[in-house]
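Novice: pasting the structure only:
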């Protein structure tokens, strides 16, 4: 098979793994990478390129960074295939259909479950024990296109977003390398999704990270797994936001929201057991390991977090 002239859409770390795998494969000739614009990062708001741009530049691949694709022009039939992976912007139907074989998405769930922008976070928050990657042909709907191939993996009890994102990127490139040749040759035909089984996931905001201590320790830990590092999970102490940077569930019964410090450890009660905090950051302060935090804020013992 001749190399497949490909336009790639991607932005984040997951997309870097996918793009690197495509570059390394003789099956693909990546002629254009479309990624999001450089964005200000950190306290100094330094303009920072997305990781996909850096990889593309390293391999001397042409890169475009439109802020929107609404008026973007991708000449029809210039490319054999489009591939997307965590791109993050809406791709109009005319662009999806411009490549000869259309555009495929590397979606991080077992569709039709968890359609939308946060399938990894949502699966972790919901306490799922299995997820996967779906290679699908994109249409104008939200992850509604026909499925070409799926690969599943087990979600480990302590997997966080970062852990699962890395695992899914590895099986994502494996799925693409298996699916694309069979799809382009016509050997593998896409199959329609069962819309009756579809679920959608939301776009998370900082407010979604607010911990409600009247939930179970497992529910709170799952929230932490899904929303760390962004937007992070937090509570309120003395009218200030307290970020829970590292936590784990423990078998200790305390009143919901009640803080107990003991032997250099800090526990917070839930509706059934407790959460042990390992690293915290109070609003306006530096992050601290738990011993530093207890030494600096001894009065937190027996306080109620809100």
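Specialist: Structure's in. What do you need? Computed from a predicted structure; not experimentally measured.

Novice: For the rest of this, base every contact and every neighbour count on C-alpha atoms.
Specialist: Will do.

Novice: Who are the packing partners of the lengthiest helix in the chain?
Specialist: As assigned by DSSP state H, the longest helix anywhere in the chain is helix 161-185. In this structure, helix 161-185 packs against helix 13-24, helix 119-125, strand 130-137, strand 147-154, helix 217-227, with contacts taken as 3 or more CA pairs under 8 Å, 6 or more residues apart in numbering; DSSP states H and E.

Novice: Could you rerun that using 7 Å?
Specialist: Helix 161-185 sits against helix 13-24, strand 130-137, strand 147-154, helix 217-227, with contacts defined as 3 or more CA pairs under 7 Å, 6 or more residues apart in numbering; DSSP states H and E.

Novice: The second one pairs with which strands?
Specialist: Translated: strand 130-137. strand 103-107 (antiparallel), strand 147-154 (antiparallel) (DSSP bridges).

Novice: mind giving me JSON lines with those and columns for distance to residue 191?
Specialist: Written out in JSON lines, the entries for the strands paired with strand 130-137 read as follows (distance: least, CA to CA, whole Å):
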{"stretch": "strand 103-107", "distance to residue 191": "13"}
{"stretch": "strand 147-154", "distance to residue 191": "5"}
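
Novice: Out of these, which one sits most buried?
Specialist: Neighbour counts (mean count of other CA atoms under 10 Å) averaged over each of the strands paired with strand 130-137 peak at strand 103-107, with a mean of 25.

Novice: now the angle from it to helix 13-24?
Specialist: Interaxial angle, strand 103-107 versus helix 13-24 (axes from the mean of the first three to the mean of the last three CA atoms, to 10 degrees): 130 degrees.

Novice: which residues are contacting strand 103-107?
Specialist: 81-85, 96-97, 133-138, 172 (CA atoms under 7 Å, 6 or more residues apart in numbering).

Novice: Need the single longest strand in this protein, by residues.
Specialist: strand 240-250 (DSSP state E).

Novice: Which other helices and strands does the following helix or strand past it contact?
Specialist: For strand 240-250, the following helix or strand on the C-terminal side (DSSP states H and E) is strand 259-262. Packing partners of strand 259-262 (3+ CA pairs under 7 Å, 6+ apart): strand 265-269.

Novice: Each with direction, which strands does the strand it packs on pair with?
Specialist: Assessed with DSSP bridges, strand 265-269 is paired to strand 259-262 (antiparallel), strand 274-282 (antiparallel).

Novice: Quick one: mean pLDDT for it?
Specialist: When pLDDT is averaged along strand 265-269, the result is 98.

Novice: With stretch 105-115 instead?
Specialist: pLDDT averaged over stretch 105-115 gives 98.

Novice: Could you give the separation of that stretch from the chain centroid?
Specialist: In this view, stretch 105-115 has its centroid 12 Å away from the chain centroid, taken as CA atoms, centre = their mean, to the nearest Å.

Novice: What is the end-to-end distance of it?
Specialist: Start-to-end span of stretch 105-115 (CA to CA, to the nearest Å) is 12 Å.

Novice: still on that earlier bit, okay, the angle between the longest strand of the chain and helix 217-227?
Specialist: Counting by the same axes, to 10 degrees, strand 240-250 lies at 120 degrees to helix 217-227.

Novice: Need the contact partners of stretch 197-217.
Specialist: Stretch 197-217 is contacted by residues 112-119, 122, 220, 227, 231-235, 249, 256-257, 270-275 when judged by CA under 7 Å, 6+ apart.

Novice: The helix or strand bottoming out on mean pLDDT in the chain pairs with which strands, and in what direction?
Specialist: Here the helix or strand of the chain ranked lowest by mean pLDDT, DSSP states H and E is strand 39-41, holding a mean of 89. Strand 39-41 has these partner strands in its sheet, going by DSSP bridges: strand 46-48 (antiparallel).
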